[in-house]
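**Q** Here is my input, please return the structure:
(2 chains)
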There are 2 protein chains.
Amino acid sequence: MRPKIYLFGDSITEESFSDGGWGSSLANHFSRTGDVVLRGYSGYNTRWALKVKEKVFPPPLPPDGGAGGDLLAVTVFFGANDACLPDRCSGFQHVPLEEYKHNLKAIVAFLKKQWPCTRIILITPPPIDEAGRLLHPYVENPSDQPERTNEAAGKYSKECLAAAAECDVSSIDLWTKMQQFPGWRNTYLRDGLHLTPDGNKVVFEEVIGRLKELGISLETLLADLPLLAEIDPNDPLKSFEN
Amino acid sequence: MRPKIYLFGDSITEESFSDGGWGSSLANHFSRTGDVVLRGYSGYNTRWALKVKEKVFPPPLPPDGGAGGDLLAVTVFFGANDACLPDRCSGFQHVPLEEYKHNLKAIVAFLKKQWPCTRIILITPPPIDEAGRLLHPYVENPSDQPERTNEAAGKYSKECLAAAAECDVSSIDLWTKMQQFPGWRNTYLRDGLHLTPDGNKVVFEEVIGRLKELGISLETLLADLPLLAEIDPNDPLKSFEN
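**A** Residues are numbered from 1 along each chain as shown, chains lettered A, B, ... in the order given. This is a model prediction of the structure:
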């Protein structure tokens, strides 16, 4: 069975298979070598994610290998909802900063216990364009203040990176990376939070890069069946003898 | 575990997770309810597909349900390579018409034996734009004749539909459907064979429609975890108690 890469996160993961999405780009990249499994849950924060983790992931492999396939890697991409300000219109999604870090570490501990060899990548929330958030409210927002701020997203990003470091797993500092590009607000963000196709490309490139550092790439993963270029036109069935 | 929809086919399946691809559109459509599993093999014909089917699909579920998840549906999308003309530059991919039909029926029989309840959809090859094929050769083609013709693709399409009828499974007549649109050659095909984003939309819509006829839709599939709209903002954790 093909190894699997799970994408666990909120709406930025759930919609990652839309046109030009980072999830479908990953699936396309590994089209002959690995299965990319979508586990994105719109609106979820780490508190809710922690509650559902046993339903999100398959049971661990039995000792004989079993039918579940190997869990090669997992991206854990939460924080955009945890960072909603508690006193604004999406306050019910807010999770305090310290609890966010604790929850991320608990998710990592769960994954490591179930699959000791899986590679884990924590992704920070993206930066927030507050003007964009006011223009595209998700719930009624009678105030003139956005439910998310870039400053708050930055604090959660730092805790995400700290959690990754303390757990000795990989991370992507998306909050910083995106802001290095001057036009990030409109080039990378569609509504002040969710990603444009260009923003999706950033996530895809970062994930591919991190996976490669962790030994997961087209160079290291084997196709499970012969590629066309390997098939002898004069004796095609030879490739299928084993 | 989420039910799975397998996409089994040649390069038109393998590249179905590229931007705007019909596979990623399916995965996006079922993002909270089902896993779309990519099993596309560029260049493969039904003869080769038949050789590898046991490696393509997971072993059948053990009686207790097991960890593999339910195989809800399978698309079987071959014929574009079988229909290569035997005496032209891609002749090594050619499979005679009668054998093509026999192979499709053998693939269906295998799937039905392993997963008696799985829904099977056979998809005919798309029409061929011969001018496009001459402009975009895949292998050296010193002749001025395309390796595939629309007439041949049409014959294989008819056999595909006949195989589906004889096996009592669903089918999509892509060859006919696409040619109902006057500009099909350039609107739906990128190189005379592979699909443009518009061509991918046709396949996506046809597959979604056929799945719905078979009882598989967003109305019938349940999300495995609470949707944001179902979560009470005043008591979010209530949704996660069970």
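
**Q** Show me where chain A has its helices.
**A** Taking DSSP state H as the test, the helices found in chain A are A:11-14, A:22-29, A:46-56, A:97-114, A:130-135, A:150-167, A:174-179, A:184-187, A:197-213.

**Q** who's in contact with the second one?
**A** Applying Cβ atoms under 8 Å, 6 or more residues apart in numbering or on different chains, the external contacts of helix A:22-29 come out as A:5, A:7, A:13, A:16-18, A:35-36, A:38, A:40, A:195, A:200-201, A:203-204, A:207-208, A:218, B:15, B:17-19, B:21, B:23-24, B:27-28, B:38. C-beta: built from backbone N, CA, C; applies to glycine.

**Q** What of the last one?
**A** Counting by Cβ under 8 Å, 6+ apart, the neighbours of helix A:197-213 from elsewhere in the structure are A:5, A:12, A:16, A:19-22, A:25-26, A:29, A:73, A:75, A:119, A:121, A:123, A:126, A:170, A:172, A:174, A:177-178, A:187-190, A:195, A:217, B:19.

**Q** Quick one: distance of it to the chain centre.
**A** Helix A:197-213 has its C-alpha centroid displaced from the chain centroid by 10 Å (Cα atoms, centre = their mean, to the nearest Å).

**Q** ditto for the third one
**A** Shown here is helix A:46-56, whose average C-alpha point lies 15 Å from the average C-alpha point of the whole chain (Cα atoms, centre = their mean).

**Q** Show me what it is in contact with.
**A** A:6, A:8, A:39, A:41, A:44, A:78-79, A:82, A:95, A:99-100, A:103-104, A:106-107, A:110, B:224-225, B:231, B:236-237, B:240.

**Q** filter those to the buried ones?
**A** Burial by neighbour count, 16 or more other Cβ atoms under 10 Å in any protein chain shown: within the contacts of helix A:46-56 this picks out A:6, A:8, A:39, A:41, A:44, A:78-79, A:82, A:95, A:99-100, A:103-104, A:106-107, B:224-225, B:231, B:236, B:240.

**Q** Residue A:155 - how many residues pack around it?
**A** Close neighbours of residue A:155, defined as other Cβ atoms under 10 Å in any protein chain shown, add up to 15.

**Q** Next: residue A:24.
**A** Counted by other Cβ under 10 Å, the residues lying close to residue A:24 total 29.

**Q** From residue A:157, how far off is it?
**A** 25 Å (Cβ to Cβ, to the nearest Å).

**Q** Now for the residue lying closest to residue A:238 once chain neighbours are set aside, how many residues are close by?
**A** Once flanking residues are discounted, residue A:238 sits nearest to residue A:232: 5.8 Å by Cβ to Cβ, 6 or more residues apart in numbering or on different chains. Residues near residue A:232, counting by other Cβ under 10 Å, number 11.

**Q** With residue A:50 instead?
**A** Neighbours of residue A:50 (other Cβ under 10 Å): 19.

**Q** distance of it from residue B:109?
**A** From residue A:50 to residue B:109 the distance is 45 Å (Cβ to Cβ).

**Q** Go through stretch A:161-176 and flag the buried ones.
**A** By 16+ other Cβ under 10 Å, the buried positions in stretch A:161-176 come out as A:161, A:163-164, A:167, A:169-175.

**Q** Endpoints of that stretch, how far apart?
**A** The straight-line separation of the ends of stretch A:161-176 (Cα to Cα, to the nearest Å) is 11 Å.

**Q** Test my guess that the residue nearest to residue A:238 contacts residue A:240.
**A** No: at 11.0 Å, residue A:232 does not count as touching residue A:240 under the criterion of Cβ atoms under 8 Å.

**Q** re the thing from before, in CSV: the helices of chain A, plus mean pLDDT.
**A** Shown next, in CSV, are the helices of chain A (pLDDT from 0 to 100):
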stretch, mean pLDDT
helix A:11-14, 98
helix A:22-29, 98
helix A:46-56, 97
helix A:97-114, 97
helix A:130-135, 95
helix A:150-167, 98
helix A:174-179, 98
helix A:184-187, 98
helix A:197-213, 98
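
**Q** ranking the ones you listed by burial, who's on top?
**A** Highest mean neighbour count among the helices of chain A (mean count of other Cβ atoms under 10 Å in any protein chain shown): helix A:22-29, with a mean of 26.

**Q** now could you export just the CA positions of stretch A:126-144 as CSV?
**A** Only the C-alpha atoms of stretch A:126-144 are listed here, as CSV (Å, rounded to 0.1, in the frame of the first residue of the first chain):
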residue,chain,number,x,y,z
PRO,A,126,-0.9,32.8,8.1
PRO,A,127,-0.7,36.6,8.7
ILE,A,128,-4.0,38.5,8.9
ASP,A,129,-5.0,41.4,6.7
GLU,A,130,-7.4,43.2,9.0
ALA,A,131,-9.0,45.3,6.2
GLY,A,132,-9.7,42.2,4.3
ARG,A,133,-11.3,40.6,7.3
LEU,A,134,-13.7,43.6,7.7
LEU,A,135,-14.6,43.4,4.1
HIS,A,136,-15.5,39.7,4.2
PRO,A,137,-17.1,38.9,7.5
TYR,A,138,-18.0,35.2,8.2
VAL,A,139,-20.5,36.0,10.9
GLU,A,140,-22.5,39.1,11.6
ASN,A,141,-20.0,41.8,12.8
PRO,A,142,-21.7,44.9,13.9
SER,A,143,-18.5,46.4,15.2
ASP,A,144,-15.9,48.1,13.1
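
**Q** which residues are contacting it?
**A** Outside stretch A:126-144, the residues within contact range by Cβ under 8 Å, 6+ apart are A:12, A:80, A:83, A:88-90, A:145-150, A:152-154, A:174-175, A:178-179, A:184-186, A:188-193, A:195, A:199.

**Q** ok, now stretch A:164-177?
**A** Against stretch A:164-177 from outside (Cβ under 8 Å, 6+ apart): A:104-105, A:108-109, A:112, A:119-127, A:153-154, A:157, A:160-161, A:202-203, A:206-207, A:210, A:213-214.
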